[in-house]
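Asker: what's the 3D shape of this:
(2 chains, ligands or ions: 2)
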Amino acid sequence: MKRLLPFSATAVLLAVWFLAARRQTSGLFPNPLQVLSGLGELLRHGLLAKYVIASLFRVTWGYLLAVVTAIPLGLLLGWYRRGGQALNPLLQLLRPISPLAWIPISILWFGVGDVAAIFLIFLASFLPLVVAAMNAVGNVPTTLLRAGRNFGLSNPRLLRNVILPAALPQLIVALRISLGVAWLVVVAAEMIAVNSGLGFLIVDARNAGNRYDLVVAGMVMIGLIGLVLDAGIRQLEKMKALRWGYGS
Amino acid sequence: MGVRVVTPAKVSIRDLSMRFPTDRSTIEVLSSVSLEVKDGELVCILGPSGCGKSTLLNVVGGFLKATTGEVLIDGQAVTGPDPRRIFVFQERGVFPWLTVEGNVGFGLFRLGAAERAERIAHYVKLVGLSGFESAYPQELSGGMKQRLEVARALAVNPDVLFLDEPFGALDSITRLVMRSELLRIRRAEKKTILFVTHDIDESVQLADRVVVMSTRPATIRRIVEIDIPHPRDLSSPRYIALRDILFEEIGLAHKI
Ligand SMILES: Nc1ncnc2c1ncn2[C@@H]1O[C@H](COP(=O)(O)OP(=O)(O)O)[C@@H](O)[C@H]1O
Ligand SMILES: [Mg+2]
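Answerer: Ligands and ions are numbered 1, 2, ... in the order given. A predicted model of the protein is given here:
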């Protein structure tokens, strides 16, 4: 019964969508079947795979670059509090600036192309990850730090064997959130800074003859891939060495 | 003839005072505490909650720097934590991301794999956690977690153990079991032990000497020698007499 509930809700929604599409006057708004055939058309022309790969390629690079730089930096800033305090005002100032506000600058610096989009994704994931890693270090219980130091761990070893594992559950939550943000940003970046990818598909389909079936097809793909990415990163939270960090 | 052999103190606490700055003023937590602990002795530091016992133990352990005074261990001033002296915390001291084996082996990173494995096996067995080698702390009971922490401490073969109300969070039956376990372990591995507690019975059951602290700022009110051989009979007149002395010293009535 519980398992059927989401399916029934989706079915009802699809039906409402279908009826709403029939009652429109402009004739531009596609119904679910038209979207499905739009997806089929994209698939046949090889555009779907091409655009999905282009988007994933940019997200992967931007996100991974952010992860490998932001987490060590955040851990260090959290550990050496002075450094954290010195950079904190700058981080707090940059944080409320939407990554999208950086689009003109990234085009200015990197031109229209992959690098500009990757840079935007990097920015979008980098700042939240630095701040999360900093806070995660601050939240490591004193007892565990003291226990680590009591056994004679050097600072690098303490960072690797106590602080990182103690911070990991919190870091994984941040990784998950920032991957979600990265996926939001790639779509926006592709609408402006490049001419491929799912974001480009959406603008292009509209501009080239109001193909709203393809617009919605692109949206559906974005939703599905976002879901898969989130489910993937959620698997990390199930690891035995991490489960202690998420309540019972 | 006439030459007195002076056993040098293992731990010697000299005129320690500790003040913490707060928003407006400072609070004085320790006030000129001096104490000598002999090698192999089990000393209980007994005092009401909030009097400064943990602060004292953390200073002796090298985690906090006293405002004035000093601590000598084997004649050397303590400047920081040291693997020769391991601290056991009241709760949540074990690493939750490591298994029982991982925790016990945590301090053994300088050893080769074979010796490491051997020591882990030995101490897992000593504290009665055999069969739980690959369990995570969250899968263990409170008493088992404390035993695990004791095993992790013993594995690096320290000569001093600092225990800060290690059984305080356990139920009263488990607490009794843990005390006799501690005494059993102490017979197997001779260590100097500083044991902080606010439990009068616990101190009489465990200690060679009980150091009674005052309320904050903590000073030493009295040191009571517990001259009952082990195993201690908890209903013997001497046990009850010593308990009464401590009750009185803490300032509690005997009736409830
Ligand atoms: N870092 C600190 N800053 C300010 N006050 C502290 C600090 N550490 C402990 N205290 C205060 O010192 C007193 C004694 O604390 P503690 O040593 O933990 O007592 P006990 O272990 O005997 O219960 C408490 O009132 C506590 O609030
Ligand atoms: Mg305490």
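
Asker: Residue numbers of chain A in contact with chain B?
Answerer: A:141, A:143-144, A:146-147, A:149-152, A:157, A:161-162, A:165-166, A:168, A:240-245 (Cβ under 8 Å from any Cβ of the partner chain). Every C-beta, even on glycine, is put in place using the N, C-alpha and C of the backbone.

Asker: Among the residues you listed, which lie within helices?
Answerer: With helices defined by DSSP state H, the entries of those inside them are A:143-144, A:146-147, A:149-150, A:157, A:165-166, A:168, A:240-243.

Asker: Redo these as a markdown table? Include pLDDT, neighbour count and distance to ligand 1.
Answerer: Output for those, formatted as a markdown table (pLDDT from 0 to 100; neighbours: other Cβ atoms under 10 Å in any protein chain shown; distance: Cβ to the nearest ligand atom, whole Å):
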| residue | pLDDT | neighbour count | distance to ligand 1 |
| --- | --- | --- | --- |
| A:T143 | 93 | 16 | 13 |
| A:L144 | 95 | 20 | 17 |
| A:R146 | 94 | 20 | 13 |
| A:A147 | 95 | 27 | 17 |
| A:R149 | 95 | 20 | 17 |
| A:N150 | 95 | 27 | 18 |
| A:R157 | 92 | 13 | 26 |
| A:P165 | 92 | 19 | 26 |
| A:A166 | 93 | 23 | 20 |
| A:L168 | 91 | 18 | 27 |
| A:K240 | 72 | 12 | 33 |
| A:A241 | 71 | 16 | 31 |
| A:L242 | 77 | 17 | 30 |
| A:R243 | 76 | 17 | 31 |
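
Asker: all helices of chain A, in order?
Answerer: Remark: helices assigned in chain A by DSSP H are A:4-23, A:32-44, A:47-79, A:81-94, A:103-110, A:114-138, A:142-150, A:155-158, A:164-192, A:198-207, A:212-237, A:240-243.

Asker: Where does B:C44 fall, secondary structure wise?
Answerer: Taking DSSP states H and E as the criterion, B:C44 maps to strand B:42-46.

Asker: Spit out the contact partners of B:I193.
Answerer: Shown in contact with B:I193 (Cβ atoms under 8 Å, 6 or more residues apart in numbering or on different chains): B:E41, B:L42, B:V43, B:V160, B:L161, B:F162, B:L163, B:R186.

Asker: could you dump these to JSON lines with distance to B:E249, pLDDT and neighbour count?
Answerer: Formatted as JSON lines, the contacts of B:I193 follow (distance: Cβ to Cβ, whole Å; pLDDT from 0 to 100; neighbours: other Cβ atoms under 10 Å in any protein chain shown):
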{"residue": "B:E41", "distance to B:E249": "20", "pLDDT": "95", "neighbour count": "17"}
{"residue": "B:L42", "distance to B:E249": "19", "pLDDT": "96", "neighbour count": "20"}
{"residue": "B:V43", "distance to B:E249": "16", "pLDDT": "96", "neighbour count": "23"}
{"residue": "B:V160", "distance to B:E249": "26", "pLDDT": "95", "neighbour count": "21"}
{"residue": "B:L161", "distance to B:E249": "25", "pLDDT": "95", "neighbour count": "23"}
{"residue": "B:F162", "distance to B:E249": "23", "pLDDT": "96", "neighbour count": "28"}
{"residue": "B:L163", "distance to B:E249": "21", "pLDDT": "95", "neighbour count": "26"}
{"residue": "B:R186", "distance to B:E249": "25", "pLDDT": "89", "neighbour count": "16"}
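
Asker: Save these as JSON lines, and put in distance to ligand 1 too.
Answerer: Putting the contacts of B:I193 into JSON lines (distance: Cβ to the nearest ligand atom, whole Å) gives the following:
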{"residue": "B:E41", "distance to ligand 1": "21"}
{"residue": "B:L42", "distance to ligand 1": "19"}
{"residue": "B:V43", "distance to ligand 1": "15"}
{"residue": "B:V160", "distance to ligand 1": "19"}
{"residue": "B:L161", "distance to ligand 1": "17"}
{"residue": "B:F162", "distance to ligand 1": "12"}
{"residue": "B:L163", "distance to ligand 1": "12"}
{"residue": "B:R186", "distance to ligand 1": "23"}
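
Asker: What score does the closest residue to ligand 1 within chain A have for pLDDT?
Answerer: Taking Cβ to the nearest ligand atom, ligand 1 has its nearest neighbour within chain A at A:T142, 9.8 Å off. As predicted, A:T142 sits at a pLDDT of 91.

Asker: before we move on, what about A:Q235?
Answerer: Confidence at A:Q235, expressed as pLDDT, is 87.

Asker: cool, and A:G38?
Answerer: 90.

Asker: any idea how far it is from chain B?
Answerer: Distance of A:G38 to chain B, computed by Cβ to the nearest Cβ, to the nearest Å: 47 Å.

Asker: Settle this for me: A:I118 is touching A:L64, isn't it.
Answerer: No: counting by Cβ atoms under 8 Å, A:I118 does not reach A:L64; the two are 9.9 Å apart.

Asker: just to revisit the earlier point, which of the helices of chain A sits most buried?
Answerer: Most buried of the helices of chain A, by mean neighbour count (mean count of other Cβ atoms under 10 Å in any protein chain shown): helix A:114-138, with a mean of 24.

Asker: Correct me if wrong: B:V60 contacts B:V78.
Answerer: Yes: checked against Cβ under 8 Å, the pair B:V60 and B:V78 is within contact range at 6.9 Å.

Asker: For the two, work out which one has more neighbours and name it.
Answerer: B:V60 (26 against 20; other Cβ atoms under 10 Å in any protein chain shown).

Asker: and that one, what element?
Answerer: Assigned by DSSP H and E, B:V60 falls in helix B:53-61.

Asker: Tell me what angle that helix forms with strand B:42-46.
Answerer: Relative orientation of helix B:53-61 and strand B:42-46, computed by axes from the mean of the first three to the mean of the last three Cα atoms, to 10 degrees: 140 degrees.

Asker: Is there proximity between helix B:53-61 and chain A?
Answerer: Yes: Helix B:53-61 lies within reach of chain A by Cβ under 8 Å from any Cβ, at B:G61.

Asker: go on, stretch B:133-150?
Answerer: Yes: for stretch B:133-150 and chain A, the contact criterion (Cβ under 8 Å from any Cβ) is met by B:Y136, B:P137, B:Q138.

Asker: got the CA coordinates for that stretch in PDB?
Answerer: This file holds the C-alpha atoms of stretch B:133-150, laid out as PDB (Å, rounded to 0.1, in the frame of the first residue of the first chain):
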ATOM      1  CA  GLU B 133      36.600  -8.100  17.100                       C
ATOM      2  CA  SER B 134      34.900  -6.700  14.100                       C
ATOM      3  CA  ALA B 135      31.900  -5.000  15.800                       C
ATOM      4  CA  TYR B 136      31.600  -1.200  15.700                       C
ATOM      5  CA  PRO B 137      31.100   0.700  19.000                       C
ATOM      6  CA  GLN B 138      27.500   1.500  18.200                       C
ATOM      7  CA  GLU B 139      26.800  -2.200  18.300                       C
ATOM      8  CA  LEU B 140      28.200  -2.600  21.800                       C
ATOM      9  CA  SER B 141      26.600  -1.900  25.200                       C
ATOM     10  CA  GLY B 142      27.900   1.000  27.400                       C
ATOM     11  CA  GLY B 143      29.900  -1.400  29.600                       C
ATOM     12  CA  MET B 144      31.500  -3.000  26.500                       C
ATOM     13  CA  LYS B 145      32.500   0.400  25.100                       C
ATOM     14  CA  GLN B 146      34.200   1.300  28.400                       C
ATOM     15  CA  ARG B 147      36.100  -2.000  28.400                       C
ATOM     16  CA  LEU B 148      37.100  -1.300  24.800                       C
ATOM     17  CA  GLU B 149      38.500   2.000  25.800                       C
ATOM     18  CA  VAL B 150      40.400   0.400  28.700                       C
END
